[in-house]
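Asks: I'll drop the sequence and a predicted model, then ask my questions.
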Amino acid sequence: MASLGYYLLLAAFVVSAYSAAIAVAGARRRSNALIESGIGAFYLVAAIMAAASGVILYAFLAGEYNIKYVHRYSDAALPLFYKITSYWGGLDGSIMFWVFLLSLFGSVAVYVNRERHRELIPYVVAVISGVQMFFLLLMVVHNNPFATYLTETNTAGRGLNPALQNFYMVIHPPTMYLGFVGLTIPFAFGMSALITGYLDDAWLRAVRRWTMVAWLFLSVGLGLGMIWAYEELGWGGYWMWDPVENAGLLPWFTATAFLHSVMVQERRGMLRVWNVTLVITTFFLTIFGTFMTRSGVVQSVHAFGQDPELARMFIVFMIALLTFSFGLVIYRLPLLKARNELDSWVSREAAFLVNNWILLFSAFFVLFATMFPTLSEAVTGQRLTVAEPFFNQWMRPIGLILLVLTGIGPLLAWRRSTLVNLRDQFLIPVGFAVVTAGLLVSLGVRVWSSGLCFALCAFVVGTVGQEFWRGAGVRAGVTGTDRFTALVGLVGRNKRRYGGYVVHLGIVLIFLGFAGKGFKIEEKASLTPGQQVKVGEFVLRYDSLKTHDDAQKQMVTAQVTVLRDGKELTTMYPARWYFHGHEDSPTTETAIWRSFAQDVYVFLASFEPGTQEASLDFHINPLVNWLWLGFGVMAIGTGIALLPETLFAAALVRIPANAATTSLLFFMLVLLPVTGTAQSTTTGKIEQRSDVERKIEGELMCTCGACRRTLASCGMPNCHGHAAQSKKLRALLAEGKSREEILAIFVRDMGQDILASPIDRGFNRLAWLFPYAAAGAALVVIVMTARRWSRPAAPAVAGDAGVDSALSARLDDELRDLD
Amino acid sequence: MSSETSTDAQLLVRHPETPRERAPFQAWQLFTLAALISASAVALRAGYLPSSVRVALILTVFAAGAIGVAALRTLLPFASGRGPSAPAIIGGRTRAALEREKTLVLRSIKELEFDRAMGKVSEKDFSEMSARLRARAMRILRQLDAGTGYRAEIESEITRRLAQPAAAVATAVEKRAPAESGDEEASAGRLSPAATMDRDVAACGSCGTRNDADARFCKACGARLGAA
């Protein structure tokens, strides 16, 4: 079976090469037969990859442990479901899965567009085949998933990494891959438009939908990854700026920027070069992200380990990619020249420019900060750490600015908005924001960033609501129907705009979730059965500790009862699972009691089997569920925008409703609380930690080696590194040392990479300075370009004078029919 | 958007499928049948395997069937022996591009009116932008009326000028030149259309092929034109 699989991969490589070559030859010689054959070969790659996937699936299910990959990621006791998903559990298989998805996605894209964009298709086939060839080459020469042991014979496997045995981890990678792979399609179309020179807006139309699809998958994938981190890693958070997470976020930023700036090209014919550049950058970032996480260039919890040879191959590919694509852009610059004119700074075009600036800056900043440790190691020889606090400090204001723009953009008109328009448009949304802010102040909310975020959320909701309300009103006036029917018609007529607004609402919900972080409560306590502690408004009682076994693992489960105002709310079962063969790294099964206002999140840090004493971490996480809901709303919005043009008339009334119901059902499933029983009580003691201690814990990295997180968010409080550091920290605090002194002592003893963000000194100053510099430079470039564009607009074309009335009447007719 | 698709569908004739569609028994059916038979064989003979493994095997068999179909799809274009493709598409592109442009402009007008109703544009800006867009829309309408786009327009212009005395032509050139500039012309100019015009063609008497007006023999069957 192994050699069959390998031969299939080889065949796929050869066929890809054939497909690329023959398609280009066909396009150059205008030979239909050659092009058709190239397309056929392109489908053939998908079929071969399907067969190869079948083979590896068989190997996993039948337990062919002489295949290294199977041996490493599976064992007999693994449930069937996880056996299937082990396919993409490791590096080699994930590359293969990537190629499989790319070939499928590409085939669909080619099949759908083969008539409409006939002249582009040969090159699309060639470009996608080229990308496939690279990944196939990786497998053929370096990461063969079908490699077998030469001498050893294995009868049992080592089993899938227990942390990956989680439902979300099963659907998260494929969704991310679909997002990544989907972004190859716009790139291929962009490239072929550049090659053929058919740079009118036709290629954009083909690309826009595919970018949206990929963007949808990417967003959902990121959301699923966050849910996984929240449920599985046990530190009460969902995002910690890990390089692998960042790798998914980078193309998301640029794809979002593209989806916005593409509108400027469609409406105004501006920004042509910029849009092509964005498409290329986005694709490049997907490859770069893969490179970052697969080659061990950066350290991460779930990176796949060091591999210099793989890194070299990736670097060659990336250089070739950049040279080729930007070379083409430069070659085609004359054709990309556009009539750029910016009538006013208070216009939607300008808002989009700012939006692009912020999004690109975010991408650039995240990329820079992720690569900084590697960079500093190369320059100064000292590896530094750039972790969560550094990112949060930067991204919080950036996020808020983006949120403001989300609210402002839709209110501005294309070309220019006058003062009267502005007052008329902004009155209600700003009113929303002010009222919310007033309410928050009177309620005594004192966390400024969260408060500001709430107010801005209200602003955006006001904007979106006003857009829908007024739009429906206008349409009701024109068509003479009631407002609701008008609303449906409105969304149907301009699905992209109103779908986009729904996505904005999703963004608002997500920001609500972020803002909730400002009010989180986190306590640790060591309890014996029957003891209880008060955390926030909840009383949590630890009842018992039980041990179970199944074929795969030993499970140690604590039982915790949650009470509020003396009433029992629920019973929770935080646990640790010790998988056979992976006893040294038990998984943390957190228990979460969900509600719309907050989550009670309990995590079993450690336990003493003899005395039944357990160390428990309690988190009260307000508003977290709005985050997941926000992702659902975003998906629905994108779905509306993606509805086929011909379909909407019939389906519009039903589909969003269905989508809403199913998504709600899905989320209700996620939100299902756990239920149980009760016992008698004494009060336990919460570990007292001063604010300074909490602050420092957030600034120091845990040295336990595996988690790459700060002390505050490390999930293993009793491991060797963490325990020692905590003791040392407490001793220093007891001596009355200040924060600076303590940090200095830690740096002296453990080196600089103990700090979560680099000290602002020497080469490190670059880390702090560079983002400012980059943002400033970009701003200067934007302002200068915009100034160049904002020459007084040419007077309206008076040519074709003598507008004949017959033609004018016909135009009116057509306009009426268009609706 | 819808108009764009419909034009495309009309203009782009589906060449490759035509010969195979007539065959009573198509290749993909053969492969599907073969895959089905082998899959059933696997299902029956491999009863000792767990069902999940059998399913994996069956899926692989089907993938193999798909490989067969796709391989045939790769090779068949050579066997059917069609030569270089006719450039017919490109003529269609001009019209399709014009139609698309028209829809785009019409939509922009609609959007602008909507924006005004929403109170986002001032009256002065609206009238200026609206006039500009309407002028553009009418220009496109006129081009669509004139025939298959610029090619036709140019041809008729040439005929007209050839008929005119030289002096008149000179003024006409001056008048037209500054009228418009920019990307429309640039992009439309690229799409060199090879469309033929109705009144400049002569249909062949024996095979019905359209030929250039000055052709003496039919380009398809070689019959003498005008004789029939």
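Replies: Looks like it came in fine.

Asks: What strand or helix carries residue 129?
Replies: No chain specified, so I'll use chain A. Assigned by DSSP states H and E, residue A:129 falls within helix A:121-141.

Asks: wrong chain, I was asking about chain B
Replies: Using DSSP H and E, residue B:129 sits in helix B:123-146.

Asks: Would you tell me what the next helix or strand after that helix is?
Replies: helix B:150-163.

Asks: Average pLDDT for that next one, rounded please.
Replies: Average pLDDT, helix B:150-163: 75.

Asks: Counting by contacts, list what that helix packs against.
Replies: helix B:88-117, helix B:123-146 (3 or more Cβ pairs under 8 Å, 6 or more residues apart in numbering or on different chains; DSSP states H and E). Using the backbone N, CA and C atoms, a C-beta is placed for each residue, glycine as well.

Asks: Which one, of those, ends up nearest to residue A:811?
Replies: Residue A:811 sits nearest to helix B:123-146 of all the helices and strands packed on helix B:150-163, at 5.5 Å, using Cβ to Cβ.

Asks: Burial check on the closest residue to residue A:466 other than its chain neighbours, number of neighbours?
Replies: Residue nearest to residue A:466 in three dimensions, not counting chain neighbours: residue A:428, with 5.2 Å by Cβ to Cβ, 6 or more residues apart in numbering or on different chains. Neighbours of residue A:428 under the rule other Cβ atoms under 10 Å in any protein chain shown: 17.

Asks: what helix or strand is residue A:428 on?
Replies: Going by DSSP H and E, residue A:428 is in helix A:419-443.

Asks: Could I get the full set of strands for chain A?
Replies: Assigned by DSSP state E, the strands in chain A fall at A:521-527, A:531-535, A:538-549, A:553-564, A:567-572, A:575-579, A:587-589, A:591-594, A:598-608, A:613-622, A:682-683.

Asks: Mean pLDDT, distance to residue B:42 and mean neighbour count for these - can I get that in JSON lines?
Replies: Putting the strands of chain A into JSON lines (pLDDT from 0 to 100; distance: least, Cβ to Cβ, whole Å; neighbours: other Cβ atoms under 10 Å in any protein chain shown) gives the following:
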{"stretch": "strand A:521-527", "mean pLDDT": "84", "distance to residue B:42": "56", "mean neighbour count": "19"}
{"stretch": "strand A:531-535", "mean pLDDT": "85", "distance to residue B:42": "58", "mean neighbour count": "19"}
{"stretch": "strand A:538-549", "mean pLDDT": "86", "distance to residue B:42": "37", "mean neighbour count": "18"}
{"stretch": "strand A:553-564", "mean pLDDT": "87", "distance to residue B:42": "34", "mean neighbour count": "20"}
{"stretch": "strand A:567-572", "mean pLDDT": "86", "distance to residue B:42": "48", "mean neighbour count": "17"}
{"stretch": "strand A:575-579", "mean pLDDT": "85", "distance to residue B:42": "34", "mean neighbour count": "20"}
{"stretch": "strand A:587-589", "mean pLDDT": "81", "distance to residue B:42": "37", "mean neighbour count": "21"}
{"stretch": "strand A:591-594", "mean pLDDT": "85", "distance to residue B:42": "44", "mean neighbour count": "21"}
{"stretch": "strand A:598-608", "mean pLDDT": "85", "distance to residue B:42": "47", "mean neighbour count": "22"}
{"stretch": "strand A:613-622", "mean pLDDT": "86", "distance to residue B:42": "51", "mean neighbour count": "22"}
{"stretch": "strand A:682-683", "mean pLDDT": "63", "distance to residue B:42": "65", "mean neighbour count": "12"}
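
Asks: Now distance to chain B too, for these, in JSON lines please.
Replies: Converted to JSON lines, those look like this (distance: least, Cβ to the nearest Cβ, whole Å):
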{"stretch": "strand A:521-527", "distance to chain B": "43"}
{"stretch": "strand A:531-535", "distance to chain B": "45"}
{"stretch": "strand A:538-549", "distance to chain B": "24"}
{"stretch": "strand A:553-564", "distance to chain B": "21"}
{"stretch": "strand A:567-572", "distance to chain B": "35"}
{"stretch": "strand A:575-579", "distance to chain B": "21"}
{"stretch": "strand A:587-589", "distance to chain B": "25"}
{"stretch": "strand A:591-594", "distance to chain B": "32"}
{"stretch": "strand A:598-608", "distance to chain B": "34"}
{"stretch": "strand A:613-622", "distance to chain B": "36"}
{"stretch": "strand A:682-683", "distance to chain B": "51"}
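
Asks: Relative to residue A:744, which of those strands is closest?
Replies: Going by Cβ to Cβ, the one of these nearest residue A:744 is strand A:521-527, 26.2 Å.

Asks: which strands and helices sit next to the closest one?
Replies: With contacts taken as 3+ Cβ pairs under 8 Å, 6+ apart, strand A:521-527 sits against strand A:531-535, strand A:613-622.

Asks: and the one residue sitting closest to the centre of chain A, what is it in contact with?
Replies: Centroid check for chain A by Cα atoms, centre = their mean gives residue A:222 as the closest residue, at 3.3 Å. Listed by Cβ atoms under 8 Å, 6 or more residues apart in numbering or on different chains, the contact partners of residue A:222 are A:176, A:245, A:248, A:249, A:252, A:631.

Asks: please redo it, this time with the cut-off set to 6 Å
Replies: residue A:248 (Cβ atoms under 6 Å, 6 or more residues apart in numbering or on different chains).

Asks: Distance of it relative to residue A:696?
Replies: As judged by Cβ to Cβ, to the nearest Å, residue A:222 and residue A:696 stand 30 Å apart.

Asks: try residue B:26
Replies: Going from residue B:26 to residue A:696 by Cβ to Cβ gives 73 Å.

Asks: okay, these two: which has more neighbours?
Replies: For residue B:26 versus residue A:696, neighbours defined as other Cβ under 10 Å are more numerous around residue A:696 (21 against 14).

Asks: circling back to that earlier point, which outside residues touch the helix holding residue A:129?
Replies: A:9, A:12-13, A:16-17, A:19-20, A:23-24, A:26-27, A:35, A:38-39, A:42, A:95, A:98-99, A:102, A:106, A:114, A:184, A:188-189, A:191-192, A:195, A:317.

Asks: and the residue lying closest to residue A:522 once chain neighbours are set aside, what does it touch?
Replies: Using Cβ to Cβ, 6+ apart and skipping the chain neighbours, the partner closest in space to residue A:522 is residue A:619 (5.1 Å). By Cβ under 6 Å, 6+ apart, the contact set of residue A:619 is A:236, A:522, A:601.

Asks: Kindly report the same for residue A:37.
Replies: A:22, B:74, B:77.

Asks: Kindly provide the distance from it to residue A:498.
Replies: 43 Å.

Asks: and what of residue B:131?
Replies: For residue B:131, the distance to residue A:498 (Cβ to Cβ) stands at 28 Å.

Asks: quick one: which of the two has more around it?
Replies: residue A:498 (21 against 14).

Asks: could you measure the more buried one against residue A:425, distance?
Replies: 17 Å.

Asks: Would stretch A:473-488 count as contacting chain B?
Replies: Yes: using Cβ under 6 Å from any Cβ of the partner chain, stretch A:473-488 reaches chain B at residue A:474.

Asks: so how far is the first residue of that stretch from its last?
Replies: Stretch A:473-488 has its terminal residues 12 Å apart, counting by Cα to Cα, to the nearest Å.

Asks: Return the distance of it from the chain's centre.
Replies: Here stretch A:473-488 is found 37 Å from its chain centre; the criterion is Cα atoms, centre = their mean, to the nearest Å.

Asks: what about the closest residue to residue A:407 other than its chain neighbours, neighbour count?
Replies: The spatial neighbour of residue A:407 that comes closest, neighbours along the chain excluded (Cβ to Cβ, 6+ apart), is residue A:460 at 4.0 Å. Neighbour count of residue A:460, defined by other Cβ under 10 Å: 26.

Asks: Next: the one 10 residues further on.
Replies: By the measure other Cβ under 10 Å, the count of residues near residue A:470 is 17.

Asks: and what of residue A:733?
Replies: Count around residue A:733 with other Cβ under 10 Å applied: 17.
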